[in-house]
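**Student:** Quick one: sequence plus predicted model below, questions after.
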Amino acid sequence: MANIAIIGAGPAGIEAASILAKRHHVTLFERAETTLTNIHDKALLFPDFTSAEDLATQLDNKLNNPNLELRLNTEIKSLVREDNNWRLTDSAGNQYDFPYVLLATGYHVFDAHKKEELGYGIYKGVITSLELEKMIKGNQILNVNGDTPQQITFLQCVGSRDEKSGNHYCSKVCCVTAVKQAIEVKKMLPNTDVYVFYMDLRMWGQGFEEMYRTAQEEYGVNFVRGRISEAAATYDNRVQIKAEDTLMGVPLNLSTDLLVLMVGMCASDGTRQLGESAGVSGEYGFAKSKSEHLADNLTERDGLFVAGACKRPMSVNDTIQDARAAAVTILNTIQE
């Protein structure tokens, strides 16, 4: 029975741990005081509006295995190769040696403060998609004045496909998240006008295009191909937007109660730090796999594996599937 360390108790870490613990001893390290922090802050998941809490419960139930040890509040700060083992050092200075390590450190969302022209952190009516998700989860969407918003405007690609922020990549899930949230808003507030500003909609998954059509045809969500260049506050705490409709080629000026910034996915601090210390740091701070085609869960370092959104932006579904692939890859490596 081998000893395996997994860093990160998100969906990738838990799914891989549950499979590996059937045959080997697994220690699952998590820096937070709870598992699945990026699931618990969601209300419903696309494309079928599955309850995020129900999914979290199902994943947490997979931790019930005597071969699986969960260590919460344990932040791994360093990951280096020592002889035939990987040495993990946590924030308290404790060290752990394992022959096999799976990096599943996930992601964090783009810091919208960096887009000063959009007014996040300056005007209260400018919020992120994560903050709107929490409103939806709490079943109460209010404007700055504590009233029901008459108009909500979404802006895509904040911190993704953006030269100014330095992130040229697509975050993959923002388009469908905006569509999902727009539908949820209309279900809760059918009389609220909803606008979605986009560069182009990348509805790449099964059921995603259908969601987009549903948003338009059944819920009356307005999609505008264009960019918002500037946001400012009005005297009544609304948000004044300057934009351009790039299909019509005309400038737009409009006021909205809430401007929702669809923030992209970035490499987490843990991914950046451990990727550098282990020698597997790739573009934009994500961890680099050996090959995206035939060795996507392997790295160039013996005994070190990667899974989930620490490699690149992924949906929850893709993350879980990738974790299963990582578990199989680790089992095959141990048997060699």
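**Tutor:** Arrived safely. Residues are numbered from 1 along each chain as shown.
**Student:** Scan this protein for its longest strand.
**Tutor:** strand 222-233 (DSSP state E).
**Student:** per-residue confidence for the nearest residue to Ser229 once chain neighbours are set aside?
**Tutor:** Residue nearest to Ser229 in three dimensions, not counting chain neighbours: Lys242, with 5.2 Å by C-beta to C-beta, 6 or more residues apart in numbering. Heads up, the C-betas are built off the backbone N, CA and C, glycines and all. pLDDT for Lys242: 93.
**Student:** So Lys242 versus Arg227, what's the distance?
**Tutor:** For Lys242, the distance to Arg227 (C-beta to C-beta, to the nearest Å) stands at 10 Å.
**Student:** Helices of the stretch 1-150 of the chain, start to end?
**Tutor:** 11-20, 37-40, 52-61, 129-137 (DSSP state H, counting those that start in this stretch).
**Student:** any idea which of those is most buried?
**Tutor:** helix 11-20 (a mean of 27; mean count of other C-beta atoms under 10 Å).
**Student:** picking up where we left off before, for the residue nearest to Ser229, which three-state class applies?
**Tutor:** strand (DSSP: H, G, I helix; E, B strand; the rest coil).
**Student:** So in that sheet, which strands flank the longest strand of the chain, and in what orientation?
**Tutor:** strand 193-198 (parallel), strand 239-245 (antiparallel) (DSSP bridges).
**Student:** Which one, of those, ends up nearest to Asn222?
**Tutor:** Nearest of those to Asn222, taken as C-beta to C-beta: strand 193-198 at 4.7 Å.
**Student:** ok, and what's touching the closest one?
**Tutor:** 150-157, 175, 178-179, 182, 185-186, 219-228, 243, 254, 256 (C-beta atoms under 8 Å, 6 or more residues apart in numbering).
**Student:** Now list the buried members of the residues you listed.
**Tutor:** Among those, those scoring as buried are 151-157, 175, 178-179, 182, 185-186, 219, 221, 223-224, 226-228, 243, 256 (criterion: 16 or more other C-beta atoms under 10 Å).
**Student:** Any idea how far apart the tips of stretch 127-146 sit?
**Tutor:** 15 Å (C-alpha to C-alpha, to the nearest Å).
**Student:** about what we covered before: how many other residues sit next to the residue nearest to Ser229?
**Tutor:** 15 (other C-beta atoms under 10 Å).
**Student:** contacting residues around stretch 107-123?
**Tutor:** Contacts for stretch 107-123 (C-beta under 8 Å, 6+ apart): 38, 126-130, 155, 158-160, 164-165, 167, 228-233, 239, 259, 261, 263-269, 271, 309-310, 313.
**Student:** how does this protein divide into domains?
**Tutor:** 3-106+268-335, 112-264 (automatic domain parsing).
**Student:** coming back round to it: correct me if wrong: the residue nearest to Ser229 contacts Asn253.
**Tutor:** Yes. Applying C-beta atoms under 8 Å as the test, Lys242 and Asn253 come out as touching, 5.9 Å apart.
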